[in-house]
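Undergrad: Return atomic coordinates for the entry below.
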Amino acid sequence: MDIDAAQYAEMSREMMQSHDYLHLYDRGHDYLDKPPMLFWVSSVSMRVFGVNNFGYRFPSILFALLALYATYRLAKLLYNEPTARVAALVLGVCQGLFLMTNDVRTDTILMSCVITSMWFIKECELRRPWYYVLGGCAAIACGLMTKGPIALFVPVFAFGTDWVLKRKWKALFNPWHLVDLVLILILLIPMCIGLYQQFDLHPEKVMDGQQHVSGLRFFFWVQSFGRITGESTWDNGADMSFLLVNMLWAFLPWILLFITALVVNIRELIQLKFRLPENREWVATGGFILTYLSLSRSHYQLPHYIFVVFPLASIVVAKLVRDFFESGKYLKLSRVFTGIQTGIGALLFVGLLLILTIVFPAGWVGIVLWGMAVGIWAVITFRKGLKAKLVWTSAVAMILINAFLTNYFYYNLLGYQVGSQVGKYLYDQKIPVNRMYIWQVNDPLDALNFYAQSYAHKEADSTLSTNTPGDYVLTMQEGMDQLKATARPYKMLKQGRLFKVSELTPEFLNHKTRDKATRPYYLVQLL
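TA: A predicted model of the protein is given here:
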């Protein structure tokens, strides 16, 4: 999807083509925003599997699987085997993870690196073998090279609060942490060399209208802290409730369980007078709360920023489920949530039915498949004697619903993304990209270059006066009207309707009013 995923895919393709793994470029221009980790792994994957969706997404999907395993291992160390399985299941079927593996950005790798580092840190706390020390440092370093300092802060927040509440001062002020920090910095050297060479050695370069921009300072300070201090120019006015509001859909179907579990954990801490015994943990809850408070201080927030702590949220939910079905606590509450989770599943299937009938009508075949999915869910939901039914009814609902979303909804949705549609056409028809021009198109078009597998366009002048017969032009309705007014001959190659698919509106989602929300585009060849 444009903008981010398509942009990162194209940058990875450019890196693969140039063999320059130290410096980042976006369509030939210097790029200073995200660190290089995603581009490294995706470019290597494309070299093996080709420039396509699979080549770009495959590494992130592997990291998502690693996140599930690391969540399981950490939860097993904190609690027990059944709780660990529930934690991995909760993470694996939350809506955010399905989204992260469809619309691949940096957050999948970041989340995986962070939870893997926390698993290794917990192993180190228990017995500290050298390979867990190296593994934890490497995981943090990879997280830093994926999205910046947040990869270090989450483990610090999580274990720092746990050690403070348990009065484990030796663990908190262990001098070995300095060695760990040195190891992390050593692992960051390749990235730092690239930033220094590309920006610090070239103060004449202009980035965001400024010269003398330090790549190292941007990475270690401006990218994260600058959004709090106001030094960063990024600001969308998000307040402290922004991330929580977006969790209402991103952490479905577990969000109500999570909020309840969070309240229960805070209540228990207060009852213990903020002093935890050794057999209790505050890693998951403390890590989530402090990370949330830190991220919510930023002047610029997006819904996926909170995904980094979804593994911790999953462990918090799994602990409450354990209290329901192993410890026998909160029996009345567990019965209430069995009904609530069943209701959430039913509502989600109603939403899916609306997609199949109103958004992208699927006809009787879609309705039959929907009915079969509902039948499978109902068999699980109303099966007698099924332990932890509230978990299974929610998990089955999310798996079945996202089978439809991934293979039907997103597939049809991307038909309205002009960049991917035209890019595929250019590549399939072997249209020479040096003769491809864009004329009065209001769209980011990042996907165009990736699917065309080349930097596939130049901006045409305001009148097409410099274009010669044989040139290809992508334009919208205003440009098409002007072309017709000039009486210049052309051949229509492809036309369709475009929409910014990452910003859905009710008007677009209703197929009867979709034409009002979309705009026509045309690909023509001048004659």
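
Undergrad: Show me where the protein dips below the pLDDT cut-off.
TA: Within the chain, the segments meeting pLDDT under 70 span 226-234, 236.

Undergrad: That one - how does it break down into domains?
TA: Following automatic domain parsing, one gets these domains for the chain: 4-228+240-323, 330-415, 417-526.

Undergrad: Of those, flag the one that's most buried.
TA: Most buried of the domains of the chain, by mean neighbour count (mean count of other CB atoms under 10 Å): domain 4-228+240-323, with a mean of 19. The C-beta positions use only the backbone N, C-alpha and C, and glycine is treated the same way.

Undergrad: Residues in contact with stretch 213-228: which ones?
TA: Contact with stretch 213-228 is made by 32-33, 35, 148-150, 191-192, 194-196, 198-200, 203, 205, 207, 231-232, 234-235, 297-300, as judged by CB atoms under 8 Å, 6 or more residues apart in numbering.

Undergrad: Now do the end-to-end distance for stretch 167-175.
TA: End-to-end distance for stretch 167-175: 17 Å, by CA to CA, to the nearest Å.

Undergrad: ditto for stretch 16-31
TA: 16 Å.

Undergrad: quick one: that stretch to chain centroid distance?
TA: 22 Å (CA atoms, centre = their mean, to the nearest Å).

Undergrad: Stretch 516-526 too?
TA: 30 Å.

Undergrad: Contacts made by that stretch with the rest, please.
TA: Taking CB under 8 Å, 6+ apart as the rule, stretch 516-526 contacts 416, 418, 422, 425, 441, 464, 467-477, 479-480, 483, 488-499, 505, 507-508.

Undergrad: got a list of contacts for stretch 32-46?
TA: 8-9, 11-13, 15-16, 21-22, 24, 52, 55-56, 58-60, 105-106, 109, 142, 144-148, 191, 194, 199, 207, 213, 215, 218-219, 223.

Undergrad: Can you show me the CA trace of that stretch as PDB?
TA: C-alpha atoms of stretch 32-46 as PDB (Å, rounded to 0.1, in the frame of the first residue of the first chain):
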ATOM      1  CA  LEU A  32      16.900  10.400   6.100                       C
ATOM      2  CA  ASP A  33      14.000   8.900   8.200                       C
ATOM      3  CA  LYS A  34      13.900   5.100   8.900                       C
ATOM      4  CA  PRO A  35      17.100   3.200   9.700                       C
ATOM      5  CA  PRO A  36      18.300   0.500   7.200                       C
ATOM      6  CA  MET A  37      17.300  -2.800   8.700                       C
ATOM      7  CA  LEU A  38      14.000  -3.300   6.800                       C
ATOM      8  CA  PHE A  39      15.700  -2.300   3.500                       C
ATOM      9  CA  TRP A  40      18.700  -4.700   4.100                       C
ATOM     10  CA  VAL A  41      16.600  -7.800   4.700                       C
ATOM     11  CA  SER A  42      14.000  -7.000   2.000                       C
ATOM     12  CA  SER A  43      16.600  -6.300  -0.600                       C
ATOM     13  CA  VAL A  44      18.400  -9.600   0.100                       C
ATOM     14  CA  SER A  45      15.000 -11.400   0.000                       C
ATOM     15  CA  MET A  46      14.300  -9.800  -3.400                       C
END
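
Undergrad: Please name every helix or strand in contact with the helix or strand hosting residue 335.
TA: Secondary structure from DSSP states H and E places residue 335 in helix 331-354. Judged by 3 or more CB pairs under 8 Å, 6 or more residues apart in numbering; DSSP states H and E, helix 331-354 is in contact with helix 255-271, helix 310-325, helix 363-381, helix 389-404.

Undergrad: What helices and strands are in contact with the third one?
TA: On a contact count with 3+ CB pairs under 8 Å, 6+ apart, helix 363-381 meets helix 331-354, helix 389-404.

Undergrad: Which of those helices sits closest to residue 241?
TA: In terms of CB to CB, the element of the helices and strands packed on helix 363-381 nearest to residue 241 is helix 331-354, at 21.4 Å.

Undergrad: Is residue 324 in contact with residue 335, as I believe?
TA: No: counting by CB atoms under 8 Å, residue 324 sits too far from residue 335 to count as a contact (9.3 Å).

Undergrad: got the contact list for the closest residue to residue 367 other than its chain neighbours?
TA: Nearest residue to residue 367 in three dimensions, chain neighbours excluded: residue 356, at 6.6 Å (CB to CB, 6 or more residues apart in numbering). Residues near residue 356 by CB under 8 Å, 6+ apart: 362, 366-367, 370, 404, 408.

Undergrad: Grab the nearest non-local neighbour of residue 252.
TA: Counting by CB to CB, 6+ apart, the residue nearest residue 252 is residue 95, at 4.6 Å.

Undergrad: Pull the contacting residues for the one you found.
TA: Neighbour list for residue 95: 249-253, 398, 402 [criterion: CB under 8 Å, 6+ apart].

Undergrad: farthest pair in these?
TA: The widest separation within the contacts of residue 95 (CB to CB) is 14.1 Å, between 251 and 402.

Undergrad: separation between the residue nearest to residue 252 and residue 397?
TA: Computed as CB to CB, to the nearest Å, the residue 95 to residue 397 distance reads 11 Å.

Undergrad: Ok, residue 475 next?
TA: Taking CB to CB, one finds residue 475 at 44 Å from residue 397.

Undergrad: what's the answer for residue 103, then?
TA: Distance from residue 103 to residue 397, counting by CB to CB: 21 Å.

Undergrad: Show me what secondary structure element comes after the helix or strand residue 451 falls within.
TA: For residue 451, the enclosing helix or strand under DSSP H and E is helix 446-452. Using DSSP H and E, the helix or strand that follows helix 446-452 towards the C-terminus is strand 458-459.

Undergrad: other SSEs contacting the helix or strand that that next one is followed by?
TA: Next helix or strand after strand 458-459 toward the C-terminus (DSSP H and E): strand 472-476. Other helices and strands packing on strand 472-476, by 3+ CB pairs under 8 Å, 6+ apart, are helix 418-428, strand 436-439, helix 477-485, strand 490-498, strand 519-526.

Undergrad: Including distance to residue 264, could those go into JSON lines?
TA: Shown next, in JSON lines, are the helices and strands packed on strand 472-476 (distance: least, CB to CB, whole Å):
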{"stretch": "helix 418-428", "distance to residue 264": "45"}
{"stretch": "strand 436-439", "distance to residue 264": "55"}
{"stretch": "helix 477-485", "distance to residue 264": "56"}
{"stretch": "strand 490-498", "distance to residue 264": "48"}
{"stretch": "strand 519-526", "distance to residue 264": "50"}
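
Undergrad: Any idea which of these gets closest to residue 123?
TA: helix 418-428 (42.9 Å).

Undergrad: elements contacting the top helix by length along the chain?
TA: Assignment by DSSP state H gives helix 53-78 as the longest helix of the chain. Contacts defined by 3+ CB pairs under 8 Å, 6+ apart place helix 53-78 against helix 4-18, helix 37-49, helix 81-92, helix 95-102, helix 107-126, helix 283-295, helix 310-325.

Undergrad: if we can go back for a sec, now, the contacts of stretch 213-228 that are in helices?
TA: 150, 191-192, 194-195.

Undergrad: possible to save these as CSV with distance to residue 272?
TA: Putting the ones in helices among the contacts of stretch 213-228 into CSV (distance: CB to CB, whole Å) gives the following:
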residue, distance to residue 272
150, 29
191, 42
192, 43
194, 48
195, 45
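
Undergrad: Which one of those is nearest to residue 412?
TA: residue 150 (34.5 Å).

Undergrad: Surely the closest one is in contact with residue 111?
TA: No: using CB under 8 Å, residue 150 makes no contact with residue 111, being 10.5 Å away.

Undergrad: Can you work out which residues contact both of the two?
TA: Both residue 150 and residue 111 are contacted by residue 308, under the criterion CB under 8 Å, 6+ apart.
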